[in-house]
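> the following block contains a protein sequence and its predicted model.
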Amino acid sequence: MSNKKAAQVVLVPSPGQGHLLSTLQFAKLLVNHDHRLTVNIMLFKSPVDSKTTSTATNSLHSESHRINVINLPDYTPKPPSSDSERASSMDALIDFMKPHVREAVTKLTGSPSAPPLAAFVLDMFFTSMIEIAKDFRVPALVFFTSGATFFGMTLHMHTLRVRDNLVAYEWEDSDSELTIPTFANPFPWRNMPTFLTRKQWDPIFMSYASGLKEADATSSVVFLCFGSRGWFHQEQVREIARALEDSGARFLWSLRKPPPEDSFMGAPSDYSLPELTELLPHGFLDRTAEVGRVIGWAPQAQILAHKATGGFVSHCGWNSTLESIYYGVPIAAWPLYAEQQSNAFQLVRELKLGVEISLEFKHELMFGTTRVLSAEKIEKGIRNLLTDAEVRKRMKEMSEKSRSTMKEGGCSYSHLGRLIDYLMDKVSV
């Protein structure tokens with residue numbers, strides 16, 4: 001380890017729950033791993049999930065005095081009037097944040113007694129803030145809240161766009177496949193995440209991907225969870241219910257209500273019992289009372305850790321993927337949006353740690369659902385999930401490997417130490 005006495009790091013997370021919560025966990029890892037570090041988290045209340053933000057940050061104050069939450073002014077977005085405005089909303093958010101982040105860091109470093117600044121750690125969507133790190137003459141690192149395969153896909157697609165003028169959204173309906181360095185098998189164009197194939201998102205993608213290449217270090221930070229935004233329309237809900245009932249499996253179903261149609265990026269909420277009774281097939285709750293439960297928000301990690309849990313029907317967000325692997329629970333892959341299609345492809349086709357419900361299904365946050373999966377297809381996936389002994393064996397082996405990496409001497413533990421040494425070495429003596 002470096003002999004320098006102390007340093008501080010600035011973390012700038014995205015307000016999305018899957019990004020924010022994993023960033024807070026990363027902050028805890030840093031300060032618990034090295035007593036010389038102080039972490040400053042630049043935070044503003046999410047306009048759609050302020051309760052989660054408050055709960056998560058309040059817990060930090062009681063856990064470590066070396067984690068400081070810097071509350072930035074609240075951001076109230078202008079309601080978008082078109083798909084193009086929705087796609088560019090992240091740019092507006094970043095433009096709003098930049099001067100406030102710069103001002104806050106200036107105050108943190110202004111005192112002669114303040115520990116020197118070692119680095120900025122920016123959310124994967126905030127790479128345009130690298131310019132602020134350069135202003136303070138410190139490294140800008142990227143906290144990539146997804147897997148290494150999607151990271152490689154993002155960089156490769158950007159390279160193809162710049163080098164070969166390959167426009168991804170022109171290939172969305174193609175039956176062909178693309179060779180991507182981070183995948184062992186050719187990747188079908190039809191499975192390509194919509195972030196890469198929507199014309200409205202192309203300018204944002206180009207800015208975001210080029211920013212990743214400008215960072216002083218990128219790392220395969222493997223956390224992501226979009227489960228907090230997963231929901232279905234009534235027709236699909238009823239197909240799922242019929243599949244569960246026909247399969248005869250015991251189940252615990254976390255079912256969320258769609259956000260209001262007039263809300264921008266609104267978060268799902270929980271159904272009341274009368275609403276559930278109306279939503280689900282007539283008599284479903286009574287007929288399955290002995291074998292299953294339909295609930296709202298769920299403490300996912302606790303459920304996956306329970307010895308009774310034998311399978312996980314998942315959207316394949318990266319946080320969910322990692323938690324499932326850690327606890328050794330096989331996955332039935334049903335990706336919805338973001339990079340989840342590529343995660344599901346990796347799990348099912350590459351690593352064979354799960355079975356398929358549908359790898360092509362797309363339920364986009366802003367553009368709606370493309371189709372409804374039948375109860376028969378869902379039931380088949382559930383049955384395969386519970387009976388595929390080879391997948392179960394592989395997942396158990398992968399679980400043991402994942403746990404060993406986090407122990408002292410394991411690669412994750414060692415890389416965290418190397419990252420901290422890197423940060424400390426950037427501090428002037």
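Structure's in. What do you need?

> please report how far the residue lying farthest from the centre of the chain lies from T309.
Using C-alpha atoms, centre = their mean, the residue of the chain lying farthest from its centre is P112. It sits 38.3 Å away. According to C-beta to C-beta, to the nearest Å, P112 and T309 sit 54 Å apart. C-betas here are computed from N, CA, C, even on glycine.

> now do the phi/psi pair for N40.
Main-chain torsions, N40, degrees, to the nearest 10: phi -110, psi 120.

> that one contacts L11, correct?
Yes - using C-beta atoms under 8 Å, N40 makes contact with L11 at a distance of 7.0 Å.

> find residues that contact each of the two.
In terms of C-beta atoms under 8 Å, 6 or more residues apart in numbering, N40 and L11 are not both contacted by any residue.

> quick check: N185 touching L351?
No - when contacts are counted by C-beta under 8 Å, N185 is not listed as touching L351 (10.9 Å).

> more crowded one of these two?
Neighbours were counted for N185 and for L351 using other C-beta atoms under 10 Å; L351 has more, 16 against 12.

> chain center to the host helix or strand of K107, what's the gap?
If you go by DSSP states H and E, K107 is part of helix 89-110. Taking C-alpha atoms, centre = their mean, to the nearest Å, one finds helix 89-110 lying 23 Å from the centre of the chain it belongs to.

> could you give me the buried positions within that helix?
The neighbour-count check on helix 89-110 (16 or more other C-beta atoms under 10 Å) flags 89-90, 93-94, 97-98, 100-101, 104-105, 108-109 as buried.

> as a markdown table, those residues with pLDDT and distance to E360 would be great.
A markdown table is the format used below for those (pLDDT from 0 to 100; distance: C-beta to C-beta, whole Å):
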| residue | pLDDT | distance to E360 |
| --- | --- | --- |
| S89 | 72 | 27 |
| M90 | 71 | 26 |
| L93 | 78 | 31 |
| I94 | 81 | 32 |
| M97 | 86 | 36 |
| K98 | 89 | 38 |
| H100 | 91 | 41 |
| V101 | 91 | 39 |
| A104 | 92 | 44 |
| V105 | 92 | 44 |
| L108 | 90 | 47 |
| T109 | 89 | 49 |
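
> the strand or helix carrying T277 - contacts with which helices or strands?
Using DSSP H and E, T277 sits in helix 273-279. Secondary structure elements in contact with helix 273-279, counted by 3 or more C-beta pairs under 8 Å, 6 or more residues apart in numbering; DSSP states H and E, are helix 234-247.

> export only the CA atoms of the helix it packs on, formatted as PDB.
C-alpha atoms of helix 234-247 as PDB (Å, rounded to 0.1, in the frame of the first residue of the first chain):
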ATOM      1  CA  GLN A 234     -52.900  -6.800 -17.600                       C
ATOM      2  CA  GLU A 235     -52.900  -9.100 -20.600                       C
ATOM      3  CA  GLN A 236     -49.300 -10.200 -19.900                       C
ATOM      4  CA  VAL A 237     -50.000 -10.400 -16.100                       C
ATOM      5  CA  ARG A 238     -52.800 -12.900 -16.700                       C
ATOM      6  CA  GLU A 239     -50.600 -15.000 -19.000                       C
ATOM      7  CA  ILE A 240     -48.000 -15.200 -16.200                       C
ATOM      8  CA  ALA A 241     -50.700 -16.200 -13.700                       C
ATOM      9  CA  ARG A 242     -52.000 -18.900 -15.900                       C
ATOM     10  CA  ALA A 243     -48.500 -20.300 -16.500                       C
ATOM     11  CA  LEU A 244     -47.800 -20.400 -12.700                       C
ATOM     12  CA  GLU A 245     -51.100 -22.100 -12.000                       C
ATOM     13  CA  ASP A 246     -50.600 -24.700 -14.800                       C
ATOM     14  CA  SER A 247     -47.000 -25.500 -13.800                       C
END
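
> residues making contact with it?
Under the contact criterion C-beta under 8 Å, 6+ apart, helix 234-247 has outside partners 232, 251, 253, 255, 279-281, 284, 287-288, 292, 369, 372-376, 378-379, 382-383.

> and with 6 Å instead?
Residues from elsewhere that reach helix 234-247, judged by C-beta atoms under 6 Å, 6 or more residues apart in numbering: 251, 279-281, 284, 288, 372, 375, 378-379, 382-383.

> which ones among the residues you listed map onto strands?
Within those, membership in strands is found for F251, as judged by DSSP state E.

> now render the contacts of helix 234-247 as TSV, adding neighbour count.
Below are the contacts of helix 234-247 laid out as TSV (neighbours: other C-beta atoms under 10 Å):
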residue	neighbour count
F251	19
L279	17
L280	22
P281	13
F284	19
T288	20
V372	14
A375	19
I378	24
E379	21
I382	22
R383	17
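
> ok, which stretches of the stretch 301-429 of the chain are strands?
With DSSP state E, counting those that start in this stretch as the criterion, the stretch 301-429 of the chain has strands at 312-314, 331-333, 354-356, 363-364, 368-369.

> now do the third one, average pLDDT.
For strand 354-356, mean pLDDT is 92.

> and that strand, what does it pack against?
Applying 3 or more C-beta pairs under 6 Å, 6 or more residues apart in numbering; DSSP states H and E, one finds that strand 354-356 makes contact with strand 331-333, helix 375-387.

> between those, which gets the lowest average pLDDT?
For the helices and strands packed on strand 354-356, the weakest mean pLDDT is recorded on helix 375-387, namely a mean of 86.

> quick one: it to helix 234-247, angle?
Interaxial angle of helix 375-387 relative to helix 234-247 (axes from the mean of the first three to the mean of the last three C-alpha atoms, to 10 degrees): 50 degrees.

> run through who's touching stretch 299-308.
By C-beta under 6 Å, 6+ apart, the list of residues contacting stretch 299-308 from outside reads 309, 323-324, 327, 329.

> buried set for it?
300, 303-304.

> excluding chain neighbours, what is closest to P73?
H100 (6.1 Å; C-beta to C-beta, 6 or more residues apart in numbering).
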